[in-house]
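Undergrad: Let's see this in three dimensions:
(2 chains)
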Number of protein chains: 2
Amino acid sequence: MIETERKFLVHSNRFKEEAASATRIVQGFLNTAPERTVRVRIKGEKGYLTVKGKSDSTGMSRYEWEKEISVTEAEELLRLCEKGVIEKTRYEIVCGRHVFEVDEFEGENKGLIVAEIELLTEEDVFERPGWLGDEVTGDSRYYNSQLSKKPYTSW
Amino acid sequence: MIETERKFLVHSNRFKEEAASATRIVQGFLNTAPERTVRVRIKGEKGYLTVKGKSDSTGMSRYEWEKEISVTEAEELLRLCEKGVIEKTRYEIVCGRHVFEVDEFEGENKGLIVAEIELLTEEDVFERPGWLGDEVTGDSRYYNSQLSKKPYTSW
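TA: Numbers count the residues shown, from 1 in each chain, chains lettered A, B, ... in the order given. Next up, the predicted model:
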């Protein structure tokens, strides 16, 4: 299905006070081409295989297909991934009728914190918490697939 | 898991007389790199997503992970695939305690017929039917991922 998301930088740690959950994510890519990204993810105790298509012209909407797989399968598939596994902690923050997913990156992307909000439509209106920074929707440098190849600390 | 397979050319149509089944296959690739091939397949009434790793030095053994998906999902994912969708008919031929899968290619690979046999080990011994031609195990030109980019009729 088509996912509609907007992405923002986060410059303060204050979001953590509002977080409903914190989950560790390890992920790699079987393909980093924006036309057909293939992602292997371990999120907490679950594994996922996700395929994403190219973003539309706004950078907000993108075809996304996801299947849950076992952690063992995900570990096997991670071994086949391109170099540059991403590690991060995801915080979920309920904000009005939306949820922000805030990713605090580690390793080669340490220092980067990014918030994503999933919207119903590209026109969907949402509350902006005080810790929300500049919008980076559609900026491909912040795609996880690109961060795996050109990590934040190398910019 | 690790799959062990050997591959042969087929120069005669006589295999069809022994075939237990014939199933149409349409498949594309989300990645054609031999280190991490990602294949989307519709086989008869079923869909599959398959990830394969690099072959070992003999070309016989390769990590393979496969998940059944719906035909609708497979159709969606095929739209994201690299150019060069492969169409073929697969014949299954029981031969002693093994099964040959014989693929008769269509479209840009018309004229190519390839037989594959799955073995328990690289030393596993099997019967060779009269229609079995030269072995091409490990010859990457005959990988379906490569046939999608450099089809047989262009050789």
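Undergrad: what's the helix or strand for the residue nearest to A:Arg41 when sequence neighbours are not counted?
TA: Closest residue to A:Arg41 apart from its sequence neighbours, by Cβ to Cβ, 6 or more residues apart in numbering or on different chains: A:Gln27 at 4.1 Å. Glycine gets a C-beta too; all of them are placed from N, C-alpha and C. Per DSSP states H and E: A:Gln27 is located in strand A:21-31.
Undergrad: which outside residues touch that strand?
TA: A:16, A:37-44, A:77-78, A:80-82, A:84-92, A:103, A:144-145, A:148, B:30-31, B:36, B:38, B:51 (Cβ atoms under 8 Å, 6 or more residues apart in numbering or on different chains).
Undergrad: mind listing the helices in chain A by residue range?
TA: For chain A, helices defined by DSSP state H occupy the ranges A:71-78, A:144-147.
Undergrad: For A:Gly44, give its distance to chain B.
TA: The spacing between A:Gly44 and chain B, counted by Cβ to the nearest Cβ, to the nearest Å, is 20 Å.
Undergrad: what about that residue, how many neighbours?
TA: 12 (other Cβ atoms under 10 Å in any protein chain shown).
Undergrad: contacting residues for it?
TA: Per Cβ under 8 Å, 6+ apart, neighbours of A:Gly44: A:Thr23, A:Arg24.
Undergrad: and if we set it to 6 Å?
TA: A:Thr23 (Cβ atoms under 6 Å, 6 or more residues apart in numbering or on different chains).
Undergrad: circling back: near the residue nearest to A:Arg41, how many other residues are there?
TA: A:Gln27 has 21 nearby residues by other Cβ under 10 Å.
Undergrad: burial measure for the nearest residue to A:Lys54 once chain neighbours are set aside, as a count.
TA: Using Cβ to Cβ, 6+ apart and skipping residues adjacent in sequence, the residue nearest A:Lys54 is A:Glu35, 4.8 Å away. Neighbours of A:Glu35 under the rule other Cβ under 10 Å: 13.
Undergrad: in stretch A:93-113, what counts as buried?
TA: Of the residues in stretch A:93-113, A:93, A:95, A:100-106, A:108-109, A:112-113 count as buried by neighbour count, 16 or more other Cβ atoms under 10 Å in any protein chain shown.
Undergrad: Among the residues you listed, list the two that are farthest apart in space.
TA: A:Cys95 and A:Glu108 (29.3 Å; Cβ to Cβ).
Undergrad: With just CA atoms, put the strand holding A:Gln27 into CSV.
TA: What follows is strand A:21-31, C-alpha atoms only, in CSV (Å, rounded to 0.1, in the frame of the first residue of the first chain):
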residue,chain,number,x,y,z
SER,A,21,8.0,3.1,24.4
ALA,A,22,11.6,2.6,23.4
THR,A,23,12.5,-0.2,21.1
ARG,A,24,15.9,-1.2,19.7
ILE,A,25,16.1,-1.6,15.9
VAL,A,26,18.9,-3.2,13.9
GLN,A,27,18.5,-3.1,10.1
GLY,A,28,20.3,-3.7,6.9
PHE,A,29,19.5,-3.4,3.2
LEU,A,30,19.4,-6.1,0.4
ASN,A,31,19.0,-3.2,-2.0
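Undergrad: Check the offset of it from the chain's centre.
TA: 8 Å (Cα atoms, centre = their mean, to the nearest Å).
Undergrad: and that strand, what's its mean pLDDT?
TA: Mean per-residue pLDDT for strand A:21-31: 98.
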